[in-house]
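J.: model the structure of this input:
(chains A and B)
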There are 2 protein chains.
Amino acid sequence: MHIRYLSTPALLLDEDRLARNIRRLATHLAPFGVGFRLHAKTLKCVEVARRAMTTPEGPVAVSTLAEAEWFAERGIPDICYAVGIAPGKFERALALRERGAALSLLLDSVEAARALADFGEARGHSFDVLLEVDSDGHRAGLEPGAPALLEAAGILAARGQRVAGVLTHAGSAYELAEPSPEAFAALAEQERAAALAAARVLRAAGHMCPVVSVGSTPTALFGEDFSGVTEVRAGVYLTQDLVMAGLGVCAVEDIALSVLCTVIGRRGSDGALVTDAGWTALSRDAGLPGRFAEFGYGLVSDEHGKLLPGLRVSETNQEHGLITAGPGAPVPPLPVGTLLRILPVHACATATGFETVHLCRGAEEMASWPRCRGW
Amino acid sequence: MHIRYLSTPALLLDEDRLARNIRRLATHLAPFGVGFRLHAKTLKCVEVARRAMTTPEGPVAVSTLAEAEWFAERGIPDICYAVGIAPGKFERALALRERGAALSLLLDSVEAARALADFGEARGHSFDVLLEVDSDGHRAGLEPGAPALLEAAGILAARGQRVAGVLTHAGSAYELAEPSPEAFAALAEQERAAALAAARVLRAAGHMCPVVSVGSTPTALFGEDFSGVTEVRAGVYLTQDLVMAGLGVCAVEDIALSVLCTVIGRRGSDGALVTDAGWTALSRDAGLPGRFAEFGYGLVSDEHGKLLPGLRVSETNQEHGLITAGPGAPVPPLPVGTLLRILPVHACATATGFETVHLCRGAEEMASWPRCRGW
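T.: Numbers count the residues shown, from 1 in each chain, chains lettered A, B, ... in the order given. Predicted structure coming up:
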């Protein structure tokens, strides 16, 4: 079916680019013999995940318990819930494990370890727990040398919980002042060093700590040494986006995701094209503070996916997007009804608004797949 | 039920504040004897709309056809689809009207008028059409004196379509450099003048133009003259948000919407509280460029809705929110598991992530209602 029959806005996934992005990371990681755990948080779609996972059963990382349930119910049981768990979510995690999912949980404090140990003990259940390690001061995690690391592990082990290993994520990869292949490789080494240091501390205290999990799209694609690491995680590499292109992680031509929209008018004052893809479709994510302003809320392709140079979505309202050209440059007076494809600034944020993703080759829809949403 | 039994993040709506916000606008508009059309785009929830609409059947304005279908199927037929319609959506609009909805459509160009006239004529259907008028150069609409206004109306009328009237929205109300009650009143007068000027042009040419529709939350709440206007539209006034508070449209204490979240940890470097409400829950909307930075991605209340002064969500990742205090100020070391409520910067954007809205009194859930999503 031609994509003109879709109701706009609609989320399109280019099949060739997806395949190329999957191949690129697989090729990069192959020589290292390291495991790969797909982070499913960008598209939250089983059918897409199946094209990238190393086995039909996983492994995957997820960002919500709703995703964990979604994947488990669809035959993918090897799941890491890669966000620190709140005590209010223990019950749902237990239910998933009792239904047979190999769900691992993440935490980074003595308090959370104690809460989970209390719950596990009371319910006679042994959870698989990863301790989150801070490799770059970005957000969460314990420093490898923090006494709390050993204390948390000790509490878990003493109360019948399984210390499955350590996990880190160099979220600062997206914020490097001077991104380059070398800088990403250095950060990958920093992830590896932090995770291994934490694993050594735990192992010296008698915890087996079988899992050493690291990753982000930039560090996975540019890392040069994964020795000691058991699995690399990456997610947005599947679709890429303008932030990744801006950081030099990919080219704009690698971006596999786009939002199909329709021109609904032109602004009188400057001829800006008005489309039906506002911030509910594109998200309000404009990349990183003070950077990538040139992308606005997205670059613009024609319905076949060919980039229209110089155009960008410069403003969005709830259901209106405004496309302008650079200062002084004319905007082509495309007729009302013209279909356009907007390349996302941040693919994870853009995908969030959509219930369905449409796999395409050129302007042909090949398949249409449901996405998990909510929590 | 106490809100602690909700899975976080969850969208809460304070019943008392909602009632107060509804009363405030109704009281302001009553002396003018002008009609009121609730814009349902913020919560997209029938049960909430029923508390604000002037009759059980409406009227409402909506921002997507999915909302129009949602409201019509639930017994609310008087609907204005207040976004310029794309030709690809004519078929769905026709289906809704054939099922009995009093759905009016909006357009602002000769091209769109011709496309709709072609379609209506081919299908033997007469649509109710509003012509969008530009009152502030913000986004869409024809200037009242533009020849295209009469030309579009002429095409519609000649081809059996009904020119129902004119509609304008002073979206620039949110961007006033120096917002004040007087500035909003002046902008309301600008809306009224533009809409009436357009109506006069149309009427002089023989179109009856019964509807003269204006509105935005600031202009509805502060307008001082609605003579000649047949209906005022407003939506976000129901919940208000931090942008509205920042503009002086309401007080922070009027904000009826919040996102319930759980503390899942504390960042080692600075004690920032890490919560499970990231940008999927709060949205990436940080208000207006260069303004309201003090709100970050939201201010913070305790689980009862009491503001915790000085705290704000300063960073968000997909499923992590980071709460910090002002420079040098300490963040209270709240334990893992603590419930907090985040006040939204932009209520419409924050609500978008949620399937359900929970009506609350204090920390008690009184009802739980579905929201429409998608397009």
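J.: state the distance from residue A:282 to residue B:22.
T.: From residue A:282 across to residue B:22, the span is 31 Å (Cβ to Cβ, to the nearest Å). Every C-beta, even on glycine, is put in place using the N, C-alpha and C of the backbone.
J.: show me which of these two is the more surrounded one.
T.: The residue with more neighbours, out of residue A:282 and residue B:22, is residue A:282; 27 against 18, by other Cβ atoms under 10 Å in any protein chain shown.
J.: wait, what's in contact with the more buried one?
T.: Applying Cβ atoms under 8 Å, 6 or more residues apart in numbering or on different chains, we find residue A:282 in contact with A:259, A:297-298, A:313, A:316, A:321, A:342, A:344-345, A:350.
J.: from residue A:204, how far out is residue A:107?
T.: 21 Å.
J.: between those two, who's got more neighbours?
T.: residue A:107 (28 against 10).
J.: what bridges to that one?
T.: Partner residues in beta bridges with residue A:107, using DSSP bridges, are residue A:131.
J.: surely it and residue A:84 touch.
T.: Yes. Shown here, residue A:107 and residue A:84 form a contact pair, counting by Cβ atoms under 8 Å, at 5.5 Å.
J.: which residue ranges form the helices in chain A?
T.: For chain A, the helices identified by DSSP state H occupy A:15-29, A:46-52, A:65-73, A:90-98, A:110-123, A:147-158, A:181-204, A:217-222, A:242-246, A:279-282, A:347-351, in order along the chain.
J.: which of the residues in the shortest one are buried?
T.: Buried residues in helix A:279-282, defined by neighbour count with 16 or more other Cβ atoms under 10 Å in any protein chain shown: A:279-282.
J.: so which of the helices of chain A gets nearest residue B:137?
T.: Residue B:137 lies closest to helix A:279-282 among the helices of chain A, at 20.1 Å (Cβ to Cβ).
J.: how far away from the center of its chain is the closest one?
T.: The gap between the average C-alpha position of helix A:279-282 and the chain average comes to 18 Å, counting by Cα atoms, centre = their mean, to the nearest Å.
J.: kindly report the same for stretch A:208-225.
T.: The mean C-alpha position of stretch A:208-225 is separated from the chain mean by 15 Å, Cα atoms, centre = their mean.
J.: do it and chain B come into contact?
T.: No. Where contact is defined by Cβ under 8 Å from any Cβ of the partner chain, no part of stretch A:208-225 touches chain B; the two come within 11.4 Å at best.
J.: just the buried residues of that stretch, please?
T.: Applying a neighbour-count criterion of 16+ other Cβ under 10 Å, one finds A:209, A:211-223 buried in stretch A:208-225.
J.: can you get me a residue count around residue A:292?
T.: Residue A:292 is flanked by 17 other residues according to other Cβ under 10 Å.
J.: contacts only, for it.
T.: A:242-243, A:246, A:286, A:345.
J.: and chain B, which of those contact it?
T.: Answer for these near chain B (Cβ under 8 Å from any Cβ): residue A:286.
J.: of the contacts of residue A:292, closest to chain B?
T.: Distance from chain B was checked for each of the contacts of residue A:292 by Cβ to the nearest Cβ. The minimum falls on residue A:286, at 7.7 Å.
J.: check contacts around that closest one.
T.: Taking Cβ under 8 Å, 6+ apart as the criterion, residue A:286 is in contact with A:292-293, A:295-297, A:345, B:284.
J.: farthest pair within these?
T.: A:293 and B:284 (14.9 Å).
J.: so which of those two has more stuff around it?
T.: More crowded of residue A:293 and residue B:284, by other Cβ under 10 Å: residue B:284, with 22 against 12.
J.: distance between the ends of stretch A:55-65?
T.: Looking at stretch A:55-65, the gap from its leading to its trailing residue is 21 Å under the measure Cα to Cα, to the nearest Å.
J.: for it, which outside residues touch it?
T.: A:35, A:37-41, A:44, A:49-50, A:53, A:68, A:71, A:75-83, A:89, A:92-93, A:96, A:102, A:231, A:233, A:235, A:372, A:374-375, B:7, B:280, B:318-319.
J.: OK, now which residue of the stretch 101-250 of chain A is nearest to chain B?
T.: In the stretch 101-250 of chain A, the residue found nearest to chain B is residue A:111; the distance is 4.4 Å by Cβ to the nearest Cβ.
J.: excluding covalently adjacent residues, which one is nearest to that residue?
T.: For residue A:111, ignoring the flanking residues on the chain, the nearest one in space by Cβ to Cβ, 6 or more residues apart in numbering or on different chains is residue B:336 at 4.4 Å.
J.: what's the neighbour count on the one you found?
T.: By other Cβ under 10 Å, the residues close to residue B:336 number 24.
J.: pretty sure residue A:356 is in contact with residue A:368, am I right?
T.: Yes. At 5.6 Å, residue A:356 counts as touching residue A:368 under the criterion of Cβ under 8 Å.
J.: what bridges to residue A:302?
T.: residue A:340.
J.: count the residues that sit near it.
T.: Each residue near residue A:302 was counted by other Cβ under 10 Å, and the total is 14.
J.: what separates it from residue A:314, distance-wise?
T.: Taking Cβ to Cβ as the measure, residue A:302 and residue A:314 are separated by 18 Å.
J.: same question, residue A:74
T.: Here residue A:74 is placed at a distance of 39 Å from residue A:314 (Cβ to Cβ).
J.: please apply the same query to residue A:225.
T.: Per Cβ to Cβ, residue A:225 is found 42 Å from residue A:314.
J.: re earlier: of the contacts of stretch A:55-65, buried ones?
T.: Burial of these was assessed by neighbour count (16+ other Cβ under 10 Å); the buried members are A:35, A:37-41, A:44, A:49, A:53, A:68, A:71, A:76-83, A:89, A:92-93, A:96, A:102, A:231, A:233, A:235, A:372, A:374-375, B:7, B:280, B:318-319.
J.: tell me which of these fall in strands.
T.: A:35, A:37-39, A:78-83, A:102, A:231, A:233 (DSSP state E).
J.: name the residues of the stretch 151-300 of chain A found near chain B, please.
T.: Selection of the stretch 151-300 of chain A residues close to chain B by Cβ under 8 Å from any Cβ yields A:171, A:262-269, A:274, A:276, A:279-281, A:283-286.
J.: circling back: from memory the residue of the stretch 101-250 of chain A closest to chain B sits against residue B:334, does it?
T.: No. Using Cβ under 8 Å, residue A:111 is not in contact with residue B:334; the gap is 10.6 Å.
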